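# Give me the fold of what follows.
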Amino acid sequence: MFLPAHPRAAILSLPYPMTHFVADDGERIHVKISGDGPPIAMLHGWTASHREWAPFLEQLTSDYRVYRWDARGHGGHRLLCDTVPTVQRMARDLRNLFDHYQLDQVIAVGHSLGALTLWQYIMENGCRNLRKVCIIDQSPKLLTDDSWLNGIYGDFDRERSTVFLRHLASDFAESVLRLGGMGLNQRAREKYRDHPQSLDKARKWLREQDPAPLIACWQSLTEADYRATLDRIDIPALLVYGGASNYYRSETAHYVKSRIANAVLHVYEGTDHSPHQWQRERFIRDLRDFIDSPSSDRRTVCETSPASD
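Here you go, the predicted model:
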């Protein structure tokens, strides 16, 4: 999901040209490829783009070949095909990416929508072509009900989702900002309520996007349920969650950890839905340690880090 840029989220302009591959329905999927070494695929959040990962390239490209796509319907690219950009279609696009570039033993990093795309891929393919996965601040089921409180806000049920879809259709940009700004994170609530002008850059970006494919994508996310898929993850998994996430309570992170046999969980206290952006040095250190550690030595642990200054 989308979060407006915060003071530490400056976008870097790096000289890596954008290329594309053609998915099996004829759509062009745009991707930036940089570095050399074992492959890392980095999947951004809803309404975001490949630029989400720019702050981490310097620490990765010396040792890894990094693939950063703009997911179908994202990044301002006009769609050429009529295919609805659902999470199911994006998982197929990921399979197409692996096939096109002949990738195997991939380290896959997914934030928000990117995490859901990975879970959809694993639901359909198992852990084929994957070596390890990193999941950032996501629930396996977004909508809540009487028996599931680990989705958005802890009380975002189908009725609230229907209302939100109507709001997206009438004012897409403001509805997206409100979803993050009126959630569980107190700092985000105060910013949205008391300083709405501070979100003008994010508001402008969202208004420049074509809302139709993004709304279709969102609707597919709310219909998905990956709780059973977590049990199928038989490769090491790094879980990074915000201790003050806009959307999820701490129970969500611990639920995900409890369902993946070979998982390590880091909770970055005081950070929101984008913990990797607020504690960049910690994240890249945790990610590299995770990648470099022998798989056979990985055990299920949980670590909590203090909030950054």
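
# And the most far-flung residue of the chain relative to its centre, how close does it get to A188?
Here the chain reaches farthest from its C-alpha mean at D194, the gap being 27.6 Å by C-alpha atoms, centre = their mean. Counting by C-beta to C-beta, to the nearest Å, the gap from D194 to A188 is 11 Å. Quick note: C-beta positions are derived from backbone N, CA and C, even for glycine.

# what about the stretch 151-300 of the chain, any weak spots by pLDDT?
295-300 (pLDDT under 70).

# ok, which stretches of it are helices?
158-170, 172-181, 186-194, 200-207, 211-222, 227-230, 250-259, 275-278, 280-292 (DSSP state H, counting those that start in this stretch).

# Name the residues of the last one that are buried.
When you say that, I think you mean helix 280-292. Residues R280, R282, F283, I284, D286, L287, F290, I291 are the ones in helix 280-292 that count as buried (16 or more other C-beta atoms under 10 Å).

# for these, which one is nearest I152?
Taking C-beta to C-beta as the measure, I152 lies nearest F283 of the buried residues of helix 280-292, at 22.9 Å.

# what residues are up against that closest one?
Under the criterion of C-beta atoms under 8 Å, 6 or more residues apart in numbering, the contact partners of F283 comprise F56, V240, Y268, P275, H276.

# and the residues you listed as a markdown table, adding distance to L168?
As requested, those are arranged in a markdown table below (distance: C-beta to C-beta, whole Å):
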| residue | distance to L168 |
| --- | --- |
| F56 | 30 |
| V240 | 27 |
| Y268 | 29 |
| P275 | 25 |
| H276 | 26 |
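
# Could you dump those residues into TSV and include neighbour count and distance to R178?
What follows is the contacts of F283, written out as TSV (neighbours: other C-beta atoms under 10 Å; distance: C-beta to C-beta, whole Å):
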residue	neighbour count	distance to R178
F56	22	29
V240	28	25
Y268	28	24
P275	27	21
H276	24	23
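
# Pull the most distant pair out of the residues you listed.
Spanning the widest gap among these are F56 and Y268, at 14.9 Å by C-beta to C-beta.

# Excluding chain neighbours, give the residue nearest to T229 in space.
M123 (4.5 Å; C-beta to C-beta, 6 or more residues apart in numbering).

# Please settle this for me: is that neighbour part of a helix?
Yes. Under DSSP: H, G, I helix; E, B strand; the rest coil, M123 falls within a helix.

# Pretty sure it sits against D231.
No. Assessed by C-beta atoms under 8 Å, M123 is found out of contact with D231, at 10.9 Å.

# Right, I'll leave it there.
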